[in-house]
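*Asks:* sequence first, then the predicted structure:
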Amino acid sequence: MRTRLLAGESIVITPDGPIGPRHSINAGITWLAKETGLPILTAGVTCDRAWRLRSWDGHMIPKLRAKLVLLYGEPIRVPTDANEEQLAEISLRIRKQLLASESKGYEMLGLPCDW
């Protein structure tokens with residue numbers, strides 16, 4: 001029934017949650033994917049010129065005419081019968097995929113990673 005409520009819908013989540021730490025993966029994203037049956041699609045964003053907030057995540061606000069790179073990872077499905085160990089493994093996979101996307105984005109811009 002839960003899956004039907006979200007059929008055809010998208011949910012956007014920052015996986016490190018509202019308080020971080022940066023690049024951590026909150027267990028909520030894997031739990032939600034398990035419960036809904038919806039896949040997780042990671043998206044790494046980088047840019048060449050931005051303001052950075054002095055917050056735990058270094059929130060980025062692109063400057064005018066900044067070059068942006070947005071890279072998506074392969075969809076990750078979480079089995080509805082996944083146990084805690086499997087959820088932890090999937091969370092690690094999500095983190096690796098996000099870091100790889102960001103790293104590749106900075107490489108494409110000819111910049112070093114900012115982390």
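*Replies:* Structure received.

*Asks:* helices or strands up against the longest helix seen in the chain?
*Replies:* Longest helix in the chain, counting residues (DSSP state H): helix 84-109. Packed against helix 84-109, as judged by 3 or more Cβ pairs under 8 Å, 6 or more residues apart in numbering; DSSP states H and E, are the following elements: helix 28-36, strand 43-47, strand 68-72. C-beta coordinates here come from the backbone N, C-alpha and C atoms, glycine included.

*Asks:* contact partners of the last one?
*Replies:* Residues from elsewhere that reach strand 68-72 (Cβ atoms under 8 Å, 6 or more residues apart in numbering): 41-47, 62, 101-102, 104-106, 108-109.

*Asks:* so K63 touches W51, yeah?
*Replies:* Yes: contact criterion Cβ atoms under 8 Å: K63 and W51 qualify, at 6.6 Å.

*Asks:* roughly how far does the nearest residue to W31 once chain neighbours are set aside sit from V69?
*Replies:* Nearest non-adjacent residue to W31, counting by Cβ to Cβ, 6 or more residues apart in numbering: L87, 6.9 Å away. From L87 across to V69, the span is 30 Å (Cβ to Cβ, to the nearest Å).

*Asks:* quick check: which ranges of the chain have low pLDDT?
*Replies:* Counting by pLDDT under 70, the chain contains low-confidence ranges at 1-8.

*Asks:* ok, the most centrally placed residue in it to R49 distance?
*Replies:* By Cα atoms, centre = their mean, the chain has its centre lying nearest to T42, at 4.6 Å. The gap separating T42 from R49 is 24 Å, by Cβ to Cβ.

*Asks:* looking at the helices and strands packed on helix 84-109, which is closest to I94?
*Replies:* Among the helices and strands packed on helix 84-109, helix 28-36 comes nearest to I94, with 6.8 Å by Cβ to Cβ.

*Asks:* so which bits of stretch 40-50 are buried?
*Replies:* Going by neighbour count (16 or more other Cβ atoms under 10 Å), the buried part of stretch 40-50 is 40, 42, 44, 46-48, 50.
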